[in-house]
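In: just the structure for this:
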Amino acid sequence: MKNTNIIYHAASVTRERRNQLNNHKSVVIWFTGLSGSGKSTLAHSVEEVLFSKGCKTYVLDGDNVRHGLTSNLGFSNEDRKENIRRIGEVTKLMMEAGLIVMTAFISPFREDRIAVRNLISDGDFIEIYCKASLETCEARDLKGLYKRARLGEIKNYTGINSPYEIPDNPELIIDIDKESLEESVSKIVSFLQTKSIVR
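Out: This next block holds a predicted model:
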């Protein structure tokens, strides 16, 4: 049951003022794709470039967040949904704080990603689909999680016994099987410059 005795307090220091101070626009860059598709590597590599340009940035990584904010959640469909809901709320707050916030989560369900997009103002949610074949992802799996999932030791593992729903209209598609890391980073940074998010 929702508490009806709470009132939203409007701050005098607005997102617009923070953006002006930071000299860049704050946005959410949402990397999505199978485990092993390079989301974290790509997000941190983009952050390095943006940070070197003087941008205020932060990367929310799937494994890291599950140590704290969502440590009480498992990997059922319901828990995955709640995981992404919480992350969506956090990314919105961080964007309002003036940051370019990047996320690296499988976020397998289209409905959940759309729900986060709907939280964010128009044009400020940039979905990047890290497209990679299952073979590539399995080859990159240093933890052996795909192998364990195929053996039935891990339940609800995305790509094996739980679905991944490809984004319908992402802002960018990075083809991990064909593009180098450097090419991918350049493509993303160029996109941000084209949209006047960064210089």
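In: list the contacts of the regular element (helix or strand) spanning Met102.
Out: Applying DSSP states H and E as the criterion places Met102 in strand 100-104. Strand 100-104 has contacts (CB atoms under 8 Å, 6 or more residues apart in numbering) with 24-31, 39-40, 42-43, 46-47, 50, 55-62, 87, 91, 94-95, 197-198. For glycine as for every other residue, the C-beta is placed from the backbone atoms N, C-alpha and C.
In: which of these fall in helices?
Out: Among the contacts of strand 100-104, the ones falling in helices (DSSP state H) are 39-40, 42-43, 46-47, 50, 62, 87, 91, 94-95.
In: can you tell me which of those has the most neighbours?
Out: Lys39 (29 neighbours; other CB atoms under 10 Å).
In: contacting residues around the closest residue to Thr41 other than its chain neighbours?
Out: By the measure of CB to CB, 6 or more residues apart in numbering, the closest residue to Thr41 outside its immediate chain neighbours is Leu181, 6.7 Å from it. By CB under 8 Å, 6+ apart, Leu181 lies in contact with 38, 41-42, 45.
In: in stretch 162-181, which residues are buried?
Out: For stretch 162-181, a neighbour-count test (16 or more other CB atoms under 10 Å) marks 162, 164, 167, 170-174, 176, 179 as buried.
In: which of these lies closest to Ile188?
Out: Leu172 (6.5 Å; CB to CB).
In: which residues touch the closest one?
Out: Taking CB under 8 Å, 6+ apart as the test, what Leu172 contacts is 126-129, 187-188, 191.
In: for it, phi and psi?
Out: The phi/psi pair for Leu172 (degrees, to the nearest 10) reads phi -140, psi 150.
In: ok, what's across the strand from it?
Out: Here Leu172 shows beta-bridge partners Ile128, assigned using DSSP bridges.
In: per-residue confidence for it?
Out: Listed pLDDT for Leu172 reads 98.
In: over to Lys143?
Out: pLDDT, Lys143: 89.
In: okay, it and Ala10: tell me how far apart.
Out: Distance from Lys143 to Ala10, counting by CB to CB, to the nearest Å: 45 Å.
In: who has more neighbours out of those two?
Out: Lys143 (10 against 6).
In: returning to that earlier point: in CSV: the buried residues of stretch 162-181, plus distance to Val101.
Out: Shown next, in CSV, are the buried residues of stretch 162-181 (distance: CB to CB, whole Å):
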residue, distance to Val101
Ser162, 26
Tyr164, 23
Pro167, 19
Pro170, 17
Glu171, 15
Leu172, 16
Ile173, 21
Ile174, 18
Ile176, 22
Glu179, 23
